[in-house]
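Chemist: Here is my input, please return the structure:
(chains A and B)
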Amino acid sequence: MIEAENIRYSYANKVEALKGVSITIQDGEFVAIMGQNGAGKSTLVKHFNGLLKPTKGIVRVNGAETTKSSVASLSRYVGFVFQNPDHQLFSETVEEEIGFGLKNFGFRTEIIEERVTWALNLLSLTEYRKTSPFLLSGGERKRVALASVLAWDPQTLILDEPTIGQDHEQKEKLRQFILQLQTQKKTVVTVTHDVEFVAECNPRVVLMKEGKIVADGEGKKILTDPALLEISSIVLPQIAQVFARLSSLGLPKDIIDLYEAKDILLKTRERSQV
Amino acid sequence: MSVFDGLRFRKVYSPIHNLDPRVKFVYVIAIFVAAIIFSNIITLLVLFFMQIPFVLLARVQKQWVRSLRGAAFLATFIFIVNVATTYFTSNYSLTGVNVENAVTLTLRFVVLVESFSVFFLTTSPDHLGLALEQSKVPYEFAFAFTTAVRFVPVLAEEAQTIMDAQKARGLELEKGNLLKRIRNYVPVLIPLIVSAIRRSLELAEAMESRAWGATKRRSNLYALELHKGDFGLLSITAGILAASVYVHFFVTIPTIMQLL
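Modeler: Below you'll find the predicted structure:
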């Protein structure tokens, strides 16, 4: 469990990026943190594994204050995948890259071997086992970065902009993968601008603006609230836009799921034909 | 990173920022020369305090103090090495004069850092490039120079992100003996170098698609011209140089030891 209590954070240049944020993330939750650039999303999630320590307020990971632990020890529990994979790839082979974290945490060689194979398989990277990560495409590098964190099986996974540079198929795989993590009661926190991706996943959505949380709740509710999205410079998901425009027909507005939308539209047609 | 901070330009408008970079550079060189020809605490202190009005006028005192703090480590190092070498080479004895010499050398270093820091804090990379170009430095060199200066803070920021990313994978930079600690930086340096190279290739492509180097004679939107303030600074510079030469040859300045 991750708890933040009224945290504030100022960067060295005196910019206050967080102005009193409180949030509790339970184990097994899937949370999408959204908001415009500079809203403080990345600053907030960097508090969850201790990369940043709050200037004021308290952050607790599993009940322990982050100010009292090192990033390395918190990372064992909270895995953080950075937005740009090029900020972390350095090994000669994909295999070594994925094993890096495991070695740092002091896993035994046989276990490392086993976990690396598992992670490679999970993200369909097995064929690149002995390839240099620098020779892979952008999307593949992003998956290597993800695999290199998943390898030690952290309870919580923080994904910073996971869908950038991914084609539709990879996004769909990512979504399936997050759902799979959910069934294992893993916590997933993602920072993203990708409204459609969030709409497809329908997680808990936390909306931020200027260092504060402006809304926190069910994705379906928040992503269909035009007033709320407007102040955060987010557009409604396409399905919600369609339903917003069809509201004169007496259709519900809070629809973001494709299948739900289809059902409602089919039922409306049946009714009108009767 | 604090030393870099002292060299990072921030856009502020002040009489000092508006001065012609060429004139400012001549001024810095004059201070440099003066600091080299004097090896005497009093004159070096005068040189040190002479910069302060400039710093205040340019309103960069905070960054300036930070760059001095960044230089403090090297300054201490210079002081210790000097004291230690005299101590070991003069039969394990140390006199007041020896210490004074060490202080003088340290102070000289501080004056050099100080004046360069004032120059970089008040001169935008664009201005600097313009100055180089108008001093007939080939554009390729001027461009390479300004790009390098411009990328220092960018790379510093990137290094921070990379360190964060590796720490999040359990890397502990401060762990182990000296050799281990140096090795700890490999996972930081490789991504940094790779991304710098990648960035430079991208920059080259972007430049070429905007017709970089299409003509030998490049025109400029801005041209540097000398104004009143620049002539003022030039005369101050000439005054400092003349005074330094005069004092150096005709005035004996007492050392602190003699004064005591």
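Chemist: Show me which residues of chain B sit near chain A.
Modeler: By CB under 8 Å from any CB of the partner chain, the part of chain B that sits against chain A consists of B:158, B:161-162, B:164-172, B:186-187, B:190-191, B:194-195, B:198. Bear in mind the C-beta positions are built from the backbone N, C-alpha and C, glycine included.
Chemist: switch to 10 Å and redo it
Modeler: Taking CB under 10 Å from any CB of the partner chain as the contact definition, chain B meets chain A at B:1, B:5, B:10, B:66, B:158-175, B:186-195, B:198-199.
Chemist: After whichever strand or helix holds A:K19, which helix or strand is next? Please name it.
Modeler: Element membership of A:K19, judged by DSSP states H and E, is strand A:16-25. Tracing the chain past strand A:16-25, the next element assigned as helix or strand by DSSP H and E is strand A:30-35.
Chemist: Around B:I197, count how many other residues there are.
Modeler: 10 (other CB atoms under 10 Å in any protein chain shown).
Chemist: So it, which state does it fall into?
Modeler: helix (DSSP: H, G, I helix; E, B strand; the rest coil).
Chemist: Just the buried ones from the residues of chain B next to chain A, in PyMOL syntax?
Modeler: PyMOL command restricting the residues of chain B next to chain A to the buried ones, with burial defined by 16 or more other CB atoms under 10 Å in any protein chain shown:
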select buried, chain B and resi 5+66+158+159+161+162+163+164+165+166+167+168+169+170+171+172+187+188+190+191+192+195
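Chemist: Filter the residues of chain B next to chain A down to the ones in helices?
Modeler: B:5, B:66, B:158-167, B:186-195, B:198-199 (DSSP state H).
Chemist: Let me see the contact set for the closest residue to chain A within the stretch 151-260 of chain B.
Modeler: Using CB to the nearest CB, the closest approach of the stretch 151-260 of chain B to chain A is made by B:G170 at 3.2 Å. With contact taken as CB atoms under 10 Å, 6 or more residues apart in numbering or on different chains, B:G170 is in contact with A:70-76, A:79, A:100-106, A:149, A:152.
Chemist: Contact partners for the residue lying closest to B:N40 once chain neighbours are set aside?
Modeler: Distances taken as CB to CB, 6 or more residues apart in numbering or on different chains place B:I253 nearest to B:N40, at 5.1 Å, with adjacent residues excluded. Applying CB under 10 Å, 6+ apart, we find B:I253 in contact with B:38, B:40-43, B:46, B:247.
Chemist: Try it again at 7 Å.
Modeler: B:40, B:42-43 (CB atoms under 7 Å, 6 or more residues apart in numbering or on different chains).
Chemist: Name the member of these with the most neighbours.
Modeler: Highest neighbour count within those, by other CB under 10 Å: B:T43, with 22 neighbours.
Chemist: Need the per-residue pLDDT for that one.
Modeler: pLDDT, B:T43: 89.
Chemist: Once you drop chain neighbours, what's closest to it?
Modeler: B:I253 (5.9 Å).
Chemist: Can you give me the buried ones in stretch A:74-92?
Modeler: Buried-residue list, stretch A:74-92, by 16+ other CB under 10 Å: A:74-91.
Chemist: what mean pLDDT does stretch B:88-104 have?
Modeler: Averaging pLDDT along stretch B:88-104 gives 86.
Chemist: before we move on, back to that, tell me the secondary structure for the residue nearest to B:N40?
Modeler: Per three-state DSSP, B:I253 ends up coil.
Chemist: Tell me both backbone torsions, phi and psi, for it.
Modeler: Main-chain dihedrals, B:I253, degrees, to the nearest 10: phi -100, psi 130.
Chemist: ok, now B:L259?
Modeler: B:L259 adopts backbone torsions of phi -70, psi -30, taken as degrees, to the nearest 10.
Chemist: now the helices: where do they sit in the stretch 51-200 of chain B?
Modeler: Assigned by DSSP state H, counting those that start in this stretch, the helices in the stretch 51-200 of chain B fall at B:52-58, B:61-89, B:96-122, B:125-134, B:139-167, B:178-184, B:186-208.
Chemist: can you list the domains in chain A?
Modeler: Under automatic domain parsing, the residue ranges defining each domain of chain A are A:1-71+A:162-231, A:78-153, A:237-274.
Chemist: Of those domains, give the one that comes closest to chain B.
Modeler: Judging the domains of chain A by CB to the nearest CB, what sits closest to chain B is domain A:78-153, at 3.2 Å.
Chemist: Look up how far B:H227 lies from B:F119.
Modeler: 18 Å (CB to CB, to the nearest Å).
Chemist: if you count what's nearby, which of those two comes out ahead?
Modeler: Set side by side, B:F119 and B:H227 show more neighbours around B:F119, with 20 against 12, by other CB under 10 Å.
Chemist: Low-confidence ranges, chain A, go.
Modeler: Low-confidence segments of chain A, defined by pLDDT under 70, span residues A:274.
Chemist: Who are the contact partners of B:N18?
Modeler: Applying CB under 7 Å, 6+ apart, the residues near B:N18 are B:G229.
Chemist: Against chain A, how distant is it?
Modeler: B:N18 is 24 Å from chain A, where distance means CB to the nearest CB, to the nearest Å.
Chemist: pretty sure that residue is in a strand, no?
Modeler: No: B:N18 sits outside any strand when classified using three-state DSSP, being coil.
Chemist: can you pull the pLDDT of it?
Modeler: 84.
Chemist: shaky segments in chain B?
Modeler: Those would be B:1-11, if you go by pLDDT under 70 across chain B.
Chemist: Quick check: most distant residue from the centroid of it.
Modeler: B:N91 (37.1 Å; CA atoms, centre = their mean).
Chemist: Name the nearest residue to the spatially most central residue of chain A, ignoring sequence neighbours.
Modeler: For chain A, the residue nearest the mean C-alpha position is A:T190 (1.4 Å; CA atoms, centre = their mean). Using CB to CB, 6+ apart and skipping the chain neighbours, the partner closest in space to A:T190 is A:L159 (4.3 Å).
Chemist: which residues sit in contact with that neighbour?
Modeler: With CB under 7 Å, 6+ apart, A:L159 has these contacts: A:81, A:188, A:190.
Chemist: can you do 8 Å?
Modeler: A:81, A:146, A:188-192 (CB atoms under 8 Å, 6 or more residues apart in numbering or on different chains).
Chemist: before we move on, back to that, can you redo the helices of the stretch 51-200 of chain B as JSON lines with distance to B:R217?
Modeler: Formatted as JSON lines, these follow (distance: least, CB to CB, whole Å):
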{"stretch": "helix B:52-58", "distance to B:R217": "34"}
{"stretch": "helix B:61-89", "distance to B:R217": "37"}
{"stretch": "helix B:96-122", "distance to B:R217": "29"}
{"stretch": "helix B:125-134", "distance to B:R217": "11"}
{"stretch": "helix B:139-167", "distance to B:R217": "10"}
{"stretch": "helix B:178-184", "distance to B:R217": "48"}
{"stretch": "helix B:186-208", "distance to B:R217": "18"}
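Chemist: Which ones among the buried residues of stretch A:74-92 lie within helices?
Modeler: Those of the buried residues of stretch A:74-92 lying in helices (DSSP H): A:74-75.
Chemist: just checking: which of the buried residues of stretch A:74-92 also lie near chain B?
Modeler: The overlap between the buried residues of stretch A:74-92 and the neighbours of chain B (CB under 8 Å from any CB) comes to A:75-76, A:79-80, A:82, A:84, A:86-90.
Chemist: Any chance of TSV for these, columns distance to A:N202?
Modeler: As requested, those are exported to TSV (distance: CB to CB, whole Å):
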residue	distance to A:N202
A:S75	28
A:R76	30
A:G79	23
A:F80	24
A:F82	25
A:N84	27
A:D86	31
A:H87	30
A:Q88	30
A:L89	32
A:F90	37
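Chemist: Return the closest of those with respect to A:P54.
Modeler: Nearest to A:P54 among those: A:F80, at 16.7 Å, using CB to CB.
Chemist: List the pairing partners of the host helix or strand of the residue nearest to A:T190 within its sheet, with orientation.
Modeler: Counting by DSSP H and E, the element that carries A:L159 is strand A:156-160. Applying DSSP bridges, strand A:156-160 is found paired with strand A:78-81 (parallel), strand A:187-191 (parallel).
Chemist: any idea how far the shortest one is from the chain center?
Modeler: A distance of 10 Å separates the centroid of the chain from that of strand A:78-81, by CA atoms, centre = their mean, to the nearest Å.
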